[in-house]
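[1] I'll drop the sequence and a predicted model, then ask my questions.
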Amino acid sequence: MFWSPMSLLLKQILSAFSLLVGLILCLSWFYWKDSDLWLLLAGSLLTLLGIVGTVFAIQQAAEENE
């Protein structure tokens, strides 16, 4: 009973953090002159994981409210 809302909150926080770090990495790659390609790839991957995690957290929250 306690772990279900805590798990949802943890998923939301981790998804938001992943999205934030991914966007920061992508922007760092864009503005940094001699940046490596791995910076863009890591940023893109973290951004995608953040978006997917957010969508699944919203879906899980909607299912719990029903």
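    Okay, I see it.
[2] so where's the chain uncertain?
    1-5 (pLDDT under 70).
[3] quick one: the helices in it, in order.
    Ranges of helices within the chain are 3-31, 37-65, based on DSSP state H.
[4] next, format those as TSV and append mean neighbour count.
    Using the backbone N, CA and C atoms, a C-beta is placed for each residue, glycine as well. Formatted as TSV, those follow (neighbours: other CB atoms under 10 Å):
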stretch	mean neighbour count
helix 3-31	14
helix 37-65	14
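[5] so the spatially most central residue of the chain versus residue 13, what's the distance?
    For the chain, the residue sitting closest to the mean C-alpha position, by CA atoms, centre = their mean, is residue 50 at 1.9 Å. Using CB to CB, to the nearest Å, residue 50 is found at 11 Å from residue 13.
[6] ok, now residue 7?
    Taken as CB to CB, the span from residue 7 to residue 13 is 11 Å.
[7] so who does residue 12 touch?
    54, 57 (CB atoms under 8 Å, 6 or more residues apart in numbering).
[8] cutoff 6 Å now
    Taking CB atoms under 6 Å, 6 or more residues apart in numbering, we find residue 12 in contact with residue 57.
[9] next: residue 26.
    Here residue 26 is in contact with residue 43 (CB under 6 Å, 6+ apart).
[10] measure it to residue 66 for me?
    In terms of CB to CB, residue 26 sits 36 Å off from residue 66.
[11] residue 42: what's it in contact with?
    Contacts of residue 42 by CB under 6 Å, 6+ apart are residue 25.
[12] tell me the spacing between it and residue 48.
    Distance from residue 42 to residue 48, by CB to CB: 11 Å.
[13] alright, calling it a day.
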